[in-house]
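**Student:** okay, here's the prediction I keep looking at, along with the sequence it came from:
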Amino acid sequence: MTKDALRHDVVGIGNAIVDVIARADDDFLLKHGLRKGGMTLIDEARAHELYAAMGQTTVVSGGSAANTIIGLAGLGARAAFIGKVRADELGGMFAHDIRAAGVGFATASAPDGAASARCLIVVTPDGQRTMSTFLGACQNLTSDDVDEETVAGAAVTYLEGYLWDPPAAKDAFRKAAAISRAAGRQTALSLSDAFCVDRYRGEFLELIRSGAVHILFANESELHSLYETADFATALAALEAENILSVVTRSEKGCVVVGGGNVVEVPAFSVEDVVDTTGAGDLFAAGFLAGHVRGRPAGECAKLGALAAAEVIQHLGARPQTDLRQLAQQNGIAI
């Protein structure tokens, strides 16, 4: 398949999740044994227990890779998503929302089995999010759901590290990466969460070093976990040695792009009020990849990523509430 035959700029594969968001203070986290700033996998009973305690909530479609793909579509990229929901109320909501955003979504819903996934997100006054995730139907994503034509026809296949938790989804991850590589495309990996890296450090490093991954997204804590060091310079040097295009986000410090023997630092966009950091990394990846598939320099890609991340942290939820293309134009970024 030639470049002219590309069907999509980016196809994302990830957990199809609906986010249930509530505001609470740190005492709520302590009372319910929640680890601040992290993501914990829970069962359905625990999901019902936390939901009952959360009080007033906002319900929006989410999922890390899905958020990225929504952001890409908002920036004018041709995007598709592969993820599993059940044919229930939340699954229908997820499917409607992602298709309404102009994203191709053809994965068949499961007719029975576990309910559609949901992530219970507690946002503390400092904007930090603590997530408790019931994977549910996500765990039914298998390699059979990975359409070879869709993946081979995408310039970039974007995979979230969270896929490494369900065994069947891990197989789907490997299949997609192999198809993308065989077609001469690129595969991008988001490390997703420092605790996820703790669980699968060796396997993630093997993916990077085997050539299965061409683009890596990580935040500062994930990078420290990957190389088991608290020193940023040491971790960054180890990342440079991997010889792949890598982006490390550092919250208000901006980001660092490493690749091709170059290190580019890009500042964060200033914001008046950080409301909810949910989705910041997801939308950064969306902006970066939107520039990357258009052949833009790394610094411009990172600037677009920083802008998309700045938009999403100023309101509840991990999906943009502003026209990202218009926002880019207003900030002097041509797309």
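**Tutor:** Yep, it's here. Residues are numbered from 1 along each chain as shown.
**Student:** now do the SS call for residue 230.
**Tutor:** Secondary structure state of residue 230, per DSSP: H, G, I helix; E, B strand; the rest coil, is coil.
**Student:** quick one: contacts for it?
**Tutor:** Going by C-beta atoms under 8 Å, 6 or more residues apart in numbering, residue 230 touches residue 224. In this view, the C-beta of every residue, glycine as well, is placed from N, C-alpha and C.
**Student:** what separates it from residue 174, distance-wise?
**Tutor:** According to C-beta to C-beta, to the nearest Å, residue 230 and residue 174 sit 31 Å apart.
**Student:** report the contact partners of residue 23.
**Tutor:** Counted by C-beta under 8 Å, 6+ apart, residue 23 has contacts 122-125.
**Student:** can you pull the phi/psi pair for it?
**Tutor:** Backbone geometry at residue 23, expressed as degrees, to the nearest 10, gives phi -90, psi 140.
**Student:** what ranges does the protein have for its helices?
**Tutor:** For the chain, the helices defined by DSSP state H occupy 26-31, 44-53, 64-74, 89-100, 148-152, 167-182, 194-209, 220-227, 232-240, 280-292, 298-312, 324-330.
**Student:** can you count the residues close to the closest residue to residue 218 other than its chain neighbours?
**Tutor:** Once flanking residues are discounted, residue 218 sits nearest to residue 191: 4.5 Å by C-beta to C-beta, 6 or more residues apart in numbering. Residue 191 sits with 25 neighbouring residues when counted by other C-beta atoms under 10 Å.
**Student:** might you list the low-confidence residue ranges for the protein?
**Tutor:** Within the chain, the stretches with pLDDT under 70 are 1-4.
**Student:** which residues sit in contact with the residue nearest in space to the middle of it?
**Tutor:** With distances taken as C-alpha atoms, centre = their mean, residue 64 lies nearest the centre of the chain, 3.3 Å away. By C-beta under 8 Å, 6+ apart, the contact list for residue 64 reads 14-15, 160, 162, 190, 192, 281-282.
**Student:** skipping adjacent residues, who's closest to it in space?
**Tutor:** residue 160 (4.4 Å).
**Student:** who's that neighbour bridged to?
**Tutor:** Residues in a beta bridge with residue 160, per DSSP bridges, are residue 190.
**Student:** looks like it contacts residue 62 (just checking).
**Tutor:** No: the pair residue 160 / residue 62 is not scored as a contact, 11.6 Å apart, by C-beta atoms under 8 Å.
**Student:** count of neighbours near residue 26?
**Tutor:** Counted with other C-beta under 10 Å, residue 26 comes out at 15.
**Student:** residue 124 is in contact with that one, correct?
**Tutor:** Yes: here residue 26 reaches residue 124: they are 5.8 Å apart, a contact under C-beta under 8 Å.
**Student:** run a quick neighbour tally on residue 112.
**Tutor:** 9.
**Student:** ugh, typo on my part, it should be residue 231
**Tutor:** Residues within reach of residue 231, counting by other C-beta under 10 Å, total 10.
**Student:** what distance do you get for it to residue 190?
**Tutor:** For residue 231 relative to residue 190 (C-beta to C-beta), the value is 23 Å.
**Student:** cool, and residue 108?
**Tutor:** Using C-beta to C-beta, residue 108 is found at 25 Å from residue 190.
**Student:** so the two - more neighbours on which side?
**Tutor:** A side-by-side neighbour count of residue 108 and residue 190, using other C-beta under 10 Å, places residue 190 first with 28 against 10.
**Student:** that older thread, got the helices of the chain as a markdown table, with distance to residue 265 columns?
**Tutor:** A markdown table is the format used below for the helices of the chain (distance: least, C-beta to C-beta, whole Å):
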| stretch | distance to residue 265 |
| --- | --- |
| helix 26-31 | 32 |
| helix 44-53 | 39 |
| helix 64-74 | 22 |
| helix 89-100 | 34 |
| helix 148-152 | 33 |
| helix 167-182 | 29 |
| helix 194-209 | 22 |
| helix 220-227 | 13 |
| helix 232-240 | 11 |
| helix 280-292 | 14 |
| helix 298-312 | 9 |
| helix 324-330 | 20 |
